[in-house]
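Undergrad: Predicted model and sequence follow; I will ask about them next.
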Amino acid sequence: MTPAMTPAAAPPDTDTVLEVSGLSVEIRTEDAAVRAVDAVSFTARRGETLALLGESGCGKSMTALAVAGLLDPVAEVTAGSVRLADVDLLAADERTRRAKAGPEIAIVFQDALTALNPVYPVGVQLAEPFRIHRGLSRVQARRAAVELMARVGIPEPGARVDSYPHQFSGGMRQRLLIAMAVALRPSVLLADEPTTALDVTVQAQIMRLLRDLRTEHRMAVVLITHDLALVAEEADRVAIMYAGRVVETGPVDEVFAAPRHPYSKGLLDSMPAKARPGEPLRSIGGSPPDLSAIPPGCVYQDRCPRVRDRCRAERPPLRAVEGGRRASACFYPHEVPNA
Amino acid sequence: MPDPLVEVRDVTKTFSVRGAGRAGGGRSAGRLRALDGVSFDVRRGETLGLVGESGCGKSTLARTLLMLERPDSGTVRFDGTDPFALGGPELLAWRRRVQMVFQDPFDSLNARMSAGDIIAEPWRTHRTLYPTARARSARVRELLDLVGLRPGDADRYPQEFSGGQRQRIGIARALALDPDVVVCDEPVSALDLSVQAQVLNLLAQLQDRLGVSYLLISHDLSVIRHVADRVAVMYLGRLVESGTTEQVFQRPLHPYTAALISAAPTMDRAGRAGRIVLEGEIPSPLNPPSGCRFRTRCWRATEVCATGEPPRVERSASGTSISTDSHGHRAECHHPLIGEPDELVTV
């Protein structure tokens, strides 16, 4: 074992429902295997929102898919565990996995139109989880579907239960997906960019719905997003990802006020809201590394303003800082200026 | 007052839509009023931010400026001339003056053309601009340098570039015809935050150097707030509020503007507490509400909003002059957000 800390191992916590540790995912390409997720660890707790924050290609969505067991066949989990209550879903056989994860882990995707089946009425799709996992009759399941539609704020659910997905607006489709996800009262809800495709006034509605449902069901929400402001408003804790790795994690307020990784600092500085009008924005030079050719040492070395020889030679593990509340994968976490 | 480069007055554009009834409703043909009496100016060297949610008419407005749509009524003037009255070589010469940067740098560049060919392509239509091969290749190198790419990049293909670099190629292409106005339709929304900042800085830098005006369409209010000099807010085909960026963001007059600003997440968690969360979604533009278009979602709406077109109101700092041009801070609303003891006049 490396001296890297597993954040989950820090305070013993009865509210922990999902514990991901050392998760690695590789994608097989014609030439080689690319490690899209590299030793990612995090925990999700009841009634709390954890944000997986990062830019495109950082591995945040791949992490969520691996946890939900929905990876594309070309991708494969090569290491790590995903513990739900006391079962390791990755080690369990398919049957156990389904019985356990099916009702307990739910996922909401960004694009609600492609996530819904266009050839079935929404009521049939909403009733499916009740039929499969609860064994309800067609009539009972349909009634449950109508109740769910009402709960997520779809007007006239009784009349619209037989409508097809294309007959709903973008915001209503996202409500339908959320309804489907929370149908069986899961303990973990993975929300992958749930509002990115929506207009801002509708985003506000959807985020409010997710917050209410989280409280109502005491769910753990894992919010996967690239939007720092959304994280600031919605999440309790954040794990910032870069090039397949978690580079920093901790309570959102603390991380955003005093980042302990140069990438977190660079991201926060790039926000237009941080700059004075008329002045140039700060940005991170260069672009993320090619995942198939990650250099030895730190994944952020090529863009880091404070890079040193050690960073090029040795990969910094995710280590506890600030008395274990937070962790950073930087050799010099305390040299990062406040945001 | 700097003279306006573009003057748009009372522009209306209606599309006939077949078989696209209300969501969940019938299939009858409808009239979609994408622009409904829109007036605004774009001045030389300024950035006008255009804000609004999907279906509000932003793109139709941009296409009208690009002369890709002809308005049903109203006028568009560039330097005092109506481009829609032109034809032949004169029209061609006019088209050069407004160019566009597209949203998606992955879809908007032809993968089979080199960066140099992409940037030079507009000159195949506008042949007189750089008539010789030598002049064209020198200009391509200049443009690449201008947008922060290397001269050697001319021979590389789009897929060899990152998203941010591709957007730089798109910007170079837009500048190839030395335009006066560049319409930037969500120029950074497909880019990562750290790269987005680089591209926004480049746009600002180019404006300083070239004096070009931008019509910047963005859903990201923090981008608009940082980049735009003035802001116009659209809702269901109408321009409901306009003013300087500071006026509109700090003291919005129209309830929709206030809700839009309030709905955008900020880094301040406390900001969520006083948030205005609108009910419902934008009504179908095929069947817009009577009177004020926003009344179905407005918490200030009363009976008058359903019957009468909302009056144009203007907030004036001095409270002395009634201005009938569109340079001030104005909105269309029966119940504007006044709140402060300043003069509000109906124009």
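TA: Everything's here; your move. Source: prediction; values computed, not measured. Residues are numbered from 1 along each chain as shown, chains lettered A, B, ... in the order given.

Undergrad: and stretch A:158-175, C-alpha only, in PDB?
TA: Extracted C-alpha coordinates of stretch A:158-175, given in PDB (Å, rounded to 0.1, in the frame of the first residue of the first chain):
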ATOM      1  CA  GLY A 158     -52.800  11.700 -14.700                       C
ATOM      2  CA  ALA A 159     -53.300  13.100 -18.200                       C
ATOM      3  CA  ARG A 160     -49.700  13.000 -19.200                       C
ATOM      4  CA  VAL A 161     -48.700   9.600 -18.100                       C
ATOM      5  CA  ASP A 162     -49.400   8.200 -21.500                       C
ATOM      6  CA  SER A 163     -47.500  10.900 -23.400                       C
ATOM      7  CA  TYR A 164     -44.200  10.200 -25.100                       C
ATOM      8  CA  PRO A 165     -40.800  11.800 -24.200                       C
ATOM      9  CA  HIS A 166     -40.700  14.100 -27.200                       C
ATOM     10  CA  GLN A 167     -44.000  15.700 -26.000                       C
ATOM     11  CA  PHE A 168     -42.300  17.100 -22.900                       C
ATOM     12  CA  SER A 169     -40.000  20.100 -22.700                       C
ATOM     13  CA  GLY A 170     -36.300  19.700 -21.700                       C
ATOM     14  CA  GLY A 171     -37.000  20.700 -18.100                       C
ATOM     15  CA  MET A 172     -39.900  18.300 -17.800                       C
ATOM     16  CA  ARG A 173     -37.900  15.400 -19.300                       C
ATOM     17  CA  GLN A 174     -35.200  16.000 -16.700                       C
ATOM     18  CA  ARG A 175     -37.900  15.900 -14.100                       C
END
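
Undergrad: Show the contacting residues for the residue nearest to residue B:154 when sequence neighbours are not counted.
TA: Leaving out its chain neighbours, the residue that sits closest to residue B:154 by Cβ to Cβ, 6 or more residues apart in numbering or on different chains is residue B:116, at 3.2 Å. Backbone N, C-alpha and C define where each C-beta goes, glycine included. Residue B:116 makes contact with B:137, B:140, B:144, B:153, B:154, B:155 under the criterion Cβ atoms under 8 Å, 6 or more residues apart in numbering or on different chains.

Undergrad: right, and the last one touches residue B:114 too?
TA: Just to be clear, that refers to residue B:155. Yes: contact criterion Cβ atoms under 8 Å: residue B:155 and residue B:114 qualify, at 5.4 Å.

Undergrad: Among the two, which residue is more densely surrounded?
TA: residue B:114 (18 against 11; other Cβ atoms under 10 Å in any protein chain shown).

Undergrad: Quick check: buried residues in the helix or strand encompassing residue A:17?
TA: Residue A:17 is located in strand A:16-28, with elements delineated by DSSP states H and E. If you call a residue buried by 16 or more other Cβ atoms under 10 Å in any protein chain shown, then strand A:16-28 has these buried ones: A:16, A:17, A:18, A:19, A:20, A:21, A:23, A:24, A:25, A:26, A:27.

Undergrad: Residues in contact with it: which ones?
TA: Contacts for strand A:16-28 (Cβ under 8 Å, 6+ apart): A:6, A:8, A:33-46, A:59, A:62-63, A:66-67, A:71, A:74-85, A:105, A:187-188, A:220, A:222.

Undergrad: Just the buried residues of those residues.
TA: Of those, these count as buried by 16+ other Cβ under 10 Å: A:6, A:8, A:34-46, A:59, A:62-63, A:66-67, A:71, A:75, A:77, A:80, A:82-84, A:105, A:187-188, A:220, A:222.

Undergrad: got the end-to-end distance for stretch B:108-122?
TA: 14 Å (Cα to Cα, to the nearest Å).

Undergrad: Quick one: mean pLDDT for that stretch?
TA: When pLDDT is averaged over stretch B:108-122, the result is 95.

Undergrad: three-state assignment of residue A:191?
TA: Following DSSP: H, G, I helix; E, B strand; the rest coil, we place residue A:191 in the strand state.

Undergrad: no, scratch that, I was asking about residue A:273
TA: helix.

Undergrad: Next one: it from residue B:224, what distance?
TA: Plainly put, residue A:273 is 11 Å away from residue B:224 if you go by Cβ to Cβ, to the nearest Å.

Undergrad: quick one: what helix or strand has the residue lying farthest from the centre of chain B in it?
TA: In terms of distance from the mean C-alpha position of chain B, residue B:134 ranks first, at 35.8 Å (Cα atoms, centre = their mean). In the assignment (DSSP H and E), residue B:134 maps to helix B:133-146.

Undergrad: So between residue A:273 and residue B:224, which is more surrounded?
TA: residue B:224 (24 against 17).

Undergrad: so who does that one touch?
TA: Applying Cβ under 8 Å, 6+ apart, the residues near residue B:224 are B:49, B:51, B:216, B:218, B:231, B:245.

Undergrad: can I get the CA coordinates of the biggest helix by length in chain A in PDB?
TA: In chain A, assigned by DSSP state H, the helix with the most residues is helix A:200-217. Listed next in PDB are the C-alpha coordinates belonging to helix A:200-217 (Å, rounded to 0.1, in the frame of the first residue of the first chain):
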ATOM      1  CA  VAL A 200     -30.700  28.900 -16.200                       C
ATOM      2  CA  THR A 201     -34.200  29.500 -14.800                       C
ATOM      3  CA  VAL A 202     -35.100  25.800 -15.300                       C
ATOM      4  CA  GLN A 203     -31.700  24.800 -13.800                       C
ATOM      5  CA  ALA A 204     -32.700  26.600 -10.600                       C
ATOM      6  CA  GLN A 205     -36.000  24.600 -10.500                       C
ATOM      7  CA  ILE A 206     -34.200  21.300 -11.000                       C
ATOM      8  CA  MET A 207     -31.600  21.900  -8.400                       C
ATOM      9  CA  ARG A 208     -34.300  22.900  -5.900                       C
ATOM     10  CA  LEU A 209     -36.100  19.600  -6.700                       C
ATOM     11  CA  LEU A 210     -32.900  17.600  -6.200                       C
ATOM     12  CA  ARG A 211     -32.200  19.300  -2.900                       C
ATOM     13  CA  ASP A 212     -35.700  18.700  -1.700                       C
ATOM     14  CA  LEU A 213     -35.600  15.000  -2.700                       C
ATOM     15  CA  ARG A 214     -32.200  14.600  -1.000                       C
ATOM     16  CA  THR A 215     -33.600  15.900   2.300                       C
ATOM     17  CA  GLU A 216     -36.800  13.900   1.900                       C
ATOM     18  CA  HIS A 217     -35.100  10.500   1.200                       C
END
